[in-house]
Every structure is written in C-alpha cells, then in structure tokens.
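S.K.: Pasting the sequence and the predicted coordinates here, then a few questions.
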Amino acid sequence: MKKTILLFILALGLSTNSNAQAWAQLPNYPGLERDDGVAFVINNKAYCGTGLQVGFSPTKDFYSLDLTTETWTTVAPMPPGKERQYACAFTNGTDAFVFGGEAGGTDLNDCWMYMPSLNSWMAVASKPGNGVRGAAYFVIGNTAYLIGGAYSSTNALNEVWAYNMSTDTWTQKNNLPFACWRSSATVVSGKGYLLFGREANGRFRKELFEYDPTADSWTLINNFPGAGRAYATMQNVNNDLVVFGGLDTLNNYYNTVWNYYIPSAQWTQLPTLPSFGRKGGMGFANNNILYYTCGIDQTNTRLKETWKTDLGVGIKELEKEEKVLVYPNPASDFIILKFPINSQKEVTYKIFDSRGSDVLTGTLNETHKIDVKTLSQGIYQLLAGTCNSRIIIQ
C-alpha cells in the first residue's frame, strides 16, 4: 500500500508555553447536562442552548456566559414548542439565528432570530423544502452557509444553502462533492473550511475542504493527521483552524486539540484537555480563547462542564521558535529535513513509535533525506538535532 505521510511540527518550545495554553475549568453550564446544543458569541457574551438533555428530551432553554466575568445568566428560551437538538446557530454581530435541527423525530426547516437587546425571539424565513439536522455552518459577510446534514431516512445530505441575514432570503448553492452530517466548519479570511463528518455508509471523513464563495466551489486542500471524526468543534482562533473533541468510527472519544496553520498547510497538536474525551458539546471562540461546554463522554454520560484554553500566545511563539522545516506535507515514502543555514550537515536522527520504542535510527546525509518505507501505519516521533516532529504514516 502506498503510504502518505502527513507531518506537523511540535517545537521544543511548546512545553515552555504551557501557561499560555493551559486549560482552565469555568463554572458549570447552569442548565441540565446535554449534548448537541448550539452556541454563538455577541459583544463578549456567549449564548448557549438547545440540545438533548438528561432524560433524552430536546430543550429550548438558553444561557449567557459573560466572557469577562465568566459568570452565567439565564436568558429568554426559544418559544414554546420549539425545542430541538442538532440545530445550527450563527450571528451577524448584532442578532443571532437558530436554524433547523430535530425534535421528536421530525427534522426542522424553521429559522428563529434572537435579539439580545430585547432578549426575545422572532420567526424569520424558513428554509425551502426539507428540514435538516446536524448540518455544518459558517458565516461569510452577511450570509450563513448551511452545509450537509441529514433528513428523515436520508442518513447524509450534500446540499449547501445560503441564508442572507439582511434580506431574510434563502438560496441553494452548488452541492458538496460528498454527503455527510455532523461535520465541523468555520471561516478564515473570507473562505469557508469544512472538516470531518459521517457519510451515509458510516465512513468518518478526515478531508479538509476550502470553500470559495465567489466561485461557489469546494477544493480539497489537506487531510487531518489522524482518524476521521464527527461531532467535533472547529473554530477560528488567530486565523488558524483549531479542532477539538469528537469521536471516530471505533467509538473513541477525543480530548485532543489540533491547530492547522493555513499558509504552510501544517498541523500541530496542542495540549489536551485534562479530562476525558467528549463529543457533541458547544464550542466557540472569542479573541484568542477556545471555549467548550457540555457534551457527552465515552460512557454515554451527558456533561455540564465548561472549559477554556488560551491559544493566543502559545501558537504564535511556537511559529517563531520553529527552526526546522520537514517536508513535503503530505509526502510519500520519504521525508526531508531542512535545517537553518548554520546548522551542521550531519545529524543523527531517531524515530520512535507510539510506545516509545526506537524503530529507526540513522545519520542524515547531505540531502537530509529519510526513507520511511519500512515503517507500518501509525504515529511516530522524529528527533533530529533541534527537530522534534511527529510523523503520521498511512
């Protein structure tokens, strides 16, 4: 089998930035434990609500987290009879919108606007046609894009719909090149990004796609360096893609954090949540901080924990401290290390497997090329001079 190596740098300086990237636990979510809710941020306040609570009933309650004081406040719930899970929530910076989801086995196509200034809800235009649960979404300009999801007996959709928050109108866009639901999405510099998701056949995706709103087109740009997932969150932090949580096809729940630096197409693993893995929580970002509340763990227990991690300083310092380039990314059969100009030409390298065993040792020649065709699929650690990099062989 042809092997593709996805590489990302873990600089030695990562450990020195632990304070900047440490997780901190905040006050618990004030409602009942739940998963598959929604979250949005307006004026330094996060609003979290809906979802499936303990007892397997959908909810309509909402709570606001003040991101300065880190205290929760009860706000107006959605109107009576509008409980749901698997909805989408997005904002134009002033008001917010909650679309779709599922309640009592019915997939919904309605859309509701929440006005923080009035602490009240108002119905807006419903999406034409079928309801949708578990769609991904991002906002470009004043338009929210609703991507994929599922409907009724259809286990995954490839539809893309655009909702203009100014004109209250819906427009169908070009379809995704595949159908999936419970993907993760966000926007960076005017382009949308979609990762993960579960296909109708049960496959969990790991491909990263970029959406160009001008061309109305999707492009495959990279692959996630690990197992495919669903039910994860992906947020824009410092114009990087930051991914947390989710589960894979083997029902493994994750507490890991990954950063994708778009200009260099490079993945970096950041400090993990100091607790068990989880899926389906409400993730959101504000300034340099990633937040995550509620969700469900490996034992099928619904949660109300709230956590945050400050990524602002650590990631930028990590980029500055990086001294060695490892490429290509992705690659096939071999890797090349490019050291600073003044580095020594001969460098001894060691590659360790996930158990810490030394599986490959050698001395780099003048091309600094390492043949890795003998390695089995898996995750490895490469040490070579000042280089401390993780290698994923597939």
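M.R.: On my side now, so go ahead.
S.K.: Now residue 44. Nearest residue, chain neighbours left out?
M.R.: residue 67 (5.0 Å; C-beta to C-beta, 6 or more residues apart in numbering). Backbone N, C-alpha and C define where each C-beta goes, glycine included.
S.K.: Next one: residue 123 from residue 109, what distance?
M.R.: 12 Å (C-beta to C-beta, to the nearest Å).
S.K.: Settle it for me: which of these two has more neighbours?
M.R.: residue 109 (17 against 11; other C-beta atoms under 10 Å).
S.K.: what's the distance between stretch 361-372 and the middle of its chain?
M.R.: Here the centre of stretch 361-372 is set off from its chain's centre by 35 Å, with C-alpha atoms, centre = their mean, to the nearest Å.
S.K.: And stretch 241-254, by the same measure?
M.R.: Distance of stretch 241-254 from its chain centroid, counting by C-alpha atoms, centre = their mean, is 9 Å.
S.K.: And the residue nearest the centre of this structure?
M.R.: Residue closest to the mean C-alpha point of the chain, counted by C-alpha atoms, centre = their mean, is residue 234 at 2.0 Å.
S.K.: In three-state terms, label that residue for me.
M.R.: The local conformation at residue 234, judged by DSSP: H, G, I helix; E, B strand; the rest coil, is strand.
S.K.: What's the local residue count around the residue nearest to residue 44?
M.R.: 19.
S.K.: Please apply the same query to residue 122.
M.R.: Residues near residue 122, counting by other C-beta under 10 Å, number 11.
S.K.: same question for the longest strand along the chain, mean pLDDT?
M.R.: With secondary structure taken from DSSP state E, the chain has its longest strand at strand 106-115. The average pLDDT within strand 106-115 is 98.
S.K.: just stretch 72-84 next, same as before
M.R.: Regarding stretch 72-84, the rounded mean pLDDT is 98.
S.K.: thinking again about what came up before, if I pick the residue nearest to residue 44, what's in contact with it?
M.R.: Residues near residue 67 by C-beta atoms under 8 Å, 6 or more residues apart in numbering: 41, 44-46, 286, 289, 291.
S.K.: ok, the residues you listed vs residue 216, which is closest?
M.R.: Residue 216 lies nearest to residue 41 out of the contacts of residue 67, by C-beta to C-beta, at 27.3 Å.
S.K.: what sits up against the helix or strand hosting that closest one?
M.R.: Assigned by DSSP states H and E, residue 41 belongs to strand 38-42. Contact partners of strand 38-42, identified using C-beta under 8 Å, 6+ apart, comprise 46-51, 67, 87-91, 93-96, 98, 116, 282-286, 291, 293.
S.K.: likewise stretch 99-109?
M.R.: Stretch 99-109 is contacted by residues 50, 58, 82-90, 110-112, 126-135, 137, 144, 146, 149-152, 163 when judged by C-beta under 8 Å, 6+ apart.
S.K.: PyMOL command for the buried members of those?
M.R.: Remark: buried members of the contacts of stretch 99-109, expressed as a PyMOL selection using 16 or more other C-beta atoms under 10 Å:
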select buried, resi 50+58+82+83+84+85+86+87+88+89+90+110+111+112+127+131+132+133+134+135+137+144+146+149+150+151+163
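S.K.: Show me the contacts of stretch 99-109 that map onto strands.
M.R.: Using DSSP E, the members of the contacts of stretch 99-109 that fall within strands are 58, 88-90, 110-112, 137, 144, 146, 163.
S.K.: can you give me the mean pLDDT across stretch 208-216?
M.R.: For stretch 208-216, the per-residue pLDDT averages 97.
S.K.: Okay, buried residues for it please.
M.R.: For stretch 208-216, by 16+ other C-beta under 10 Å, it's 208-211, 213.
S.K.: May I see the buried residues of stretch 33-49?
M.R.: Neighbour counts over stretch 33-49 (16+ other C-beta under 10 Å) mark 33-42, 45-49 as buried.
S.K.: one step back: relative to the strand holding residue 41, what are the paired strands and their orientations?
M.R.: Paired with strand 38-42 in the same sheet, following DSSP bridges, are strand 45-49 (antiparallel).
S.K.: CA-only coordinates of the strand it pairs with in PDB, if you can.
M.R.: Below are the C-alpha coordinates for strand 45-49, written out as PDB (Å, rounded to 0.1, in the frame of the first residue of the first chain):
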ATOM      1  CA  LYS A  45     -21.000  37.200  25.600                       C
ATOM      2  CA  ALA A  46     -21.600  33.600  24.600                       C
ATOM      3  CA  TYR A  47     -25.100  32.300  24.300                       C
ATOM      4  CA  CYS A  48     -25.600  28.500  24.600                       C
ATOM      5  CA  GLY A  49     -28.800  26.500  24.400                       C
END
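S.K.: Compute the inter-axis angle for that strand and strand 106-115.
M.R.: 150 degrees (axes from the mean of the first three to the mean of the last three C-alpha atoms, to 10 degrees).
S.K.: okay, now the domains of the protein?
M.R.: As given by automatic domain parsing, the domain ranges for the chain are 14-318, 325-393.
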